[in-house]
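**Student:** Quick check, what structure comes out for this input:
(6 chains)
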Protein chains: 4
Amino acid sequence: MNQQRRREEGPATSRGEATRAIILKAARRIFERDGYFDARVADIASKAGVSHGTFYSYFDCKEAAFKAVVTKVVEDLMTRLAVADAPQLAEPIDTIRRANKRYMDAYRDSAIMIGLLEQQVLVQPDICELRLAAVRTFNTRIARGIAHMQAEGKADPDLDPVLAAEALGLMVDRTYYMWFVLDQKYDEEAMLDTLTTLWARAIGAVGRDLA
Amino acid sequence: MNQQRRREEGPATSRGEATRAIILKAARRIFERDGYFDARVADIASKAGVSHGTFYSYFDCKEAAFKAVVTKVVEDLMTRLAVADAPQLAEPIDTIRRANKRYMDAYRDSAIMIGLLEQQVLVQPDICELRLAAVRTFNTRIARGIAHMQAEGKADPDLDPVLAAEALGLMVDRTYYMWFVLDQKYDEEAMLDTLTTLWARAIGAVGRDLA
Amino acid sequence: MNQQRRREEGPATSRGEATRAIILKAARRIFERDGYFDARVADIASKAGVSHGTFYSYFDCKEAAFKAVVTKVVEDLMTRLAVADAPQLAEPIDTIRRANKRYMDAYRDSAIMIGLLEQQVLVQPDICELRLAAVRTFNTRIARGIAHMQAEGKADPDLDPVLAAEALGLMVDRTYYMWFVLDQKYDEEAMLDTLTTLWARAIGAVGRDLA
Amino acid sequence: MNQQRRREEGPATSRGEATRAIILKAARRIFERDGYFDARVADIASKAGVSHGTFYSYFDCKEAAFKAVVTKVVEDLMTRLAVADAPQLAEPIDTIRRANKRYMDAYRDSAIMIGLLEQQVLVQPDICELRLAAVRTFNTRIARGIAHMQAEGKADPDLDPVLAAEALGLMVDRTYYMWFVLDQKYDEEAMLDTLTTLWARAIGAVGRDLA
DNA sequence: TATGAATGAGGTTTCATTCAT
DNA sequence: CATGAATGAAACCTCATTCAT
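**Tutor:** Below is the predicted model of the structure:
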């Protein structure tokens, strides 16, 4: 009862706030180390240096902690990728490459958690929703970019910008998955160039090519 | 030891063979219904109409049954997609579209199991290996196709056919995942056209365009 | 990991201490009632009035509980038999008889557990070690006694005190086994007298005889 | 039904006889290798080169096979030790030593099975009965020997020959157990001499001593 | 007589979660 | 706020034994 309320209301003191943060951090490390299913609440608590029961003062269940961790990862990702998309005066190819690179860096840093997120998508509806929302945000952004280029005569106007954004976004996203989650070995420059070239040509981008 | 041997050597009689097939089929249905983690061996046995113990006469554990099911799914997929790739005299765009369509049909039919496969890739190294092997086979095939077009002057010769095959393969594969596993709603014609156009343009395919 | 730790470190509170003791006691009663193999963890937990899981908070497995019980039994036995061996001024025959009687009383009280211990000696190396350690302690004590008598000219000096102690100790020990574990019916006085006489004569003890 | 009858009636053909013998031999080897509890019927059948079901054509259950093996071991032991006890004209000490040596050799050859027998004594009433019967036979023989010496004035007439036989028999038997079953390291000559001397003195045997 | 497929009771163990202190 | 003892559902897997062929 008491615990329920506390969980719902969130930490009341700054000490509680700190404990919650510590547990969250510990949870991420344990999830990254053991995966979602093999991660045990006991280990999280122990790594956080608190007792079993304390964990449940802050999180309803293991799933809730996972969701909290993953939400934060996604939020950080979004924030990091939301930086103003440089001046649109640049060549399309440069814009695209820069975006791909930015995404790559961000993906790499959170690769393991992203892998776990993908894995849970099929199991936890909440997580799936979270994932889809993120995808939608990204895709919208990409679609806007493509539409913008089309408007400026820098991309093929016949293309459906939404579907194209979806497919190309997945191409890049999935490539990074193979690369950083499944540890396939690619040469960074070559891969970035390939992705960028494919993308640029796919949307019929005019202008300078990657030499 | 005895059970071990039977499991390793496979059924000795045709009756055993049949039972194994029945269990395998039941396993697939239960996995599709409940997912890997919630699937219980008891349910599989019960759906197969055999006893608990019988299951263990044929499979080491749940994981082994899953692996067997998934292996079969992948093999079927490979077989199905291995059909002679029509005469290369056709326009590239038609070749590409036909391939995308074939893959789409195959993917759709096994979508749930493919979803589970993707999910287990991070958990079971064996499954990951299986998955990567399939990917490699597909990619090689695609890369050969691209190289072929390049040789015939029908595709941009500057492109690295292997990397391109990898990225474009993932684009299509992942799109189908969103479509059939995560149940995103796409218009079939529009999506197929988009994927095909993006692909064709990306590799600089010359020739007729999708009207 | 958490449970592991608790098991390794032992109970952290006195409440835990008490529970452990209760389970241990229940385990002994169940082992005595059902024997080692037929004893079920569920029965032990139930007799202790705790849940299944609680048992595993304190013991790794049935074997561990057995080992704990048996260790305690052996320790109690050792303590009980370690009482100062009366003044050595007494007649050897009296010293020997008193020792035999003391051992008999102790053996009888723990007969069933000792029987189980003997039974597990062949199966569990740990238990075997425990058993041999106890035997060694007893034999050393006996050998010292014989050597003492030899030094005082009260026993045949030609005898190897260690081997003699070993054999005579086993004679008594095994007789008690037949008596209290396998329930052979002997007359207490007659048997004690026989054992004592045999022992005394065997070591060539001089002095008064059992009349 | 059918099988039941066959088991009760015993093998009908000499081929069946042979199979039974083969299984019995395999059973002994598996029991010796794995102990009673860890021995699996499957392993016995497999080592005998027959199928699962065939085992049950000859034995009711694992326990029955064990009993058959152990009965044979005990019978062999009895036969081997039943050889005419040399002329009683010899010195008592020589008679005793010879008997101890004969027993030692026989014990050593069947040590593992004897160990298992001891272990099952507490679990299987049948086995216990078998064991006690053997003990009784031995003890009677020993008691007769002691009584004989007493009659000839070669041993203390005050001793109860039955109880003495019991205790001394156990002394020797248990020593061999420690020696050959639990693998305690003893020097053969020294131990045989000690046992013999203790025994001879214990019964007040007159005559030559072991030098 | 021999085979081996099928059975199913049975026990062990884990770990997320609760709650009294 | 924090602790850790207690819970108990749940799932896995083995292996002695039967029986149809």
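**Student:** Can you give me the buried ones in stretch A:102-116?
**Tutor:** A:103, A:104, A:106, A:107, A:110, A:111, A:112, A:113, A:114, A:115, A:116 (16 or more other CB atoms under 10 Å in any protein chain shown). In short, each C-beta sits where N, CA and C put it, glycine included.
**Student:** Let's see stretch A:185-196 as CSV, backbone CA atoms only.
**Tutor:** This file holds the C-alpha atoms of stretch A:185-196, laid out as CSV (Å, rounded to 0.1, in the frame of the first residue of the first chain):
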residue,chain,number,x,y,z
LYS,A,185,32.6,-5.8,-39.2
TYR,A,186,32.4,-3.0,-41.7
ASP,A,187,34.8,-0.3,-42.8
GLU,A,188,33.3,3.0,-41.4
GLU,A,189,34.2,5.2,-44.4
ALA,A,190,33.1,2.7,-47.0
MET,A,191,29.9,2.0,-45.3
LEU,A,192,29.0,5.5,-44.7
ASP,A,193,29.8,6.4,-48.3
THR,A,194,27.7,3.5,-49.6
LEU,A,195,24.7,4.3,-47.4
THR,A,196,25.0,8.0,-48.4
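**Student:** how about the residues of chain A near DNA strand F?
**Tutor:** Residues of chain A found near DNA strand F (CB under 7 Å from any atom of the strand) are A:2, A:6, A:11-13, A:15-17, A:19, A:50-54, A:56-57.
**Student:** and with 6 Å instead?
**Tutor:** Taking CB under 6 Å from any atom of the strand as the contact definition, chain A meets DNA strand F at A:11, A:12, A:13, A:15, A:16, A:19, A:50, A:51, A:52, A:53, A:54, A:57.
**Student:** which of the residues you listed has the most neighbours?
**Tutor:** Counting neighbours by other CB atoms under 10 Å in any protein chain shown, the top entry in the residues of chain A next to DNA strand F is residue A:19, with 19 neighbours.
**Student:** Three-state assignment for it, please.
**Tutor:** helix (DSSP: H, G, I helix; E, B strand; the rest coil).
**Student:** Would you mind confirming that it makes contact with residue A:6?
**Tutor:** No - contact criterion CB atoms under 8 Å: residue A:19 and residue A:6 do not qualify, at 11.4 Å.
**Student:** Go ahead and flag the most central residue of chain A.
**Tutor:** residue A:74 (4.5 Å; CA atoms, centre = their mean).
**Student:** tell me, how many neighbours does the closest residue to it other than its chain neighbours end up with?
**Tutor:** Among residues not flanking residue A:74 along the chain, residue A:134 sits closest, at 5.2 Å (CB to CB, 6 or more residues apart in numbering or on different chains). Burial measure for residue A:134: 17 neighbouring residues, criterion other CB under 10 Å.
**Student:** is any part of stretch A:95-112 close to chain B?
**Tutor:** No - Stretch A:95-112 stays clear of chain B (CB under 8 Å from any CB of the partner chain), getting no nearer than 9.1 Å.
**Student:** Now tell me what touches that stretch from outside.
**Tutor:** A:31-32, A:73, A:76-77, A:80-81, A:83, A:85-86, A:88, A:114, A:145, A:172-173, A:176, A:180-181, A:188, A:192-193, A:195-196, A:199-200, A:205, A:210 (CB atoms under 8 Å, 6 or more residues apart in numbering or on different chains).
**Student:** Swap in 7 Å and give it another go.
**Tutor:** A:32, A:73, A:77, A:80-81, A:85-86, A:114, A:172, A:176, A:180-181, A:192, A:195-196, A:199-200 (CB atoms under 7 Å, 6 or more residues apart in numbering or on different chains).
**Student:** Can you show me the CA trace of it as CSV?
**Tutor:** Output of stretch A:95-112 as CSV, limited to C-alpha atoms (Å, rounded to 0.1, in the frame of the first residue of the first chain):
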residue,chain,number,x,y,z
THR,A,95,23.4,16.8,-45.6
ILE,A,96,22.6,13.2,-46.0
ARG,A,97,26.1,12.0,-45.0
ARG,A,98,26.2,14.3,-42.0
ALA,A,99,22.8,12.9,-40.8
ASN,A,100,24.0,9.3,-41.4
LYS,A,101,27.1,10.0,-39.4
ARG,A,102,25.3,11.6,-36.6
TYR,A,103,22.9,8.7,-36.4
MET,A,104,25.7,6.3,-36.5
ASP,A,105,27.6,7.9,-33.6
ALA,A,106,24.5,8.0,-31.5
TYR,A,107,23.5,4.4,-32.4
ARG,A,108,26.9,3.1,-31.6
ASP,A,109,26.9,4.6,-28.1
SER,A,110,23.6,3.0,-27.2
ALA,A,111,23.9,-0.1,-29.3
ILE,A,112,23.3,-2.7,-26.6
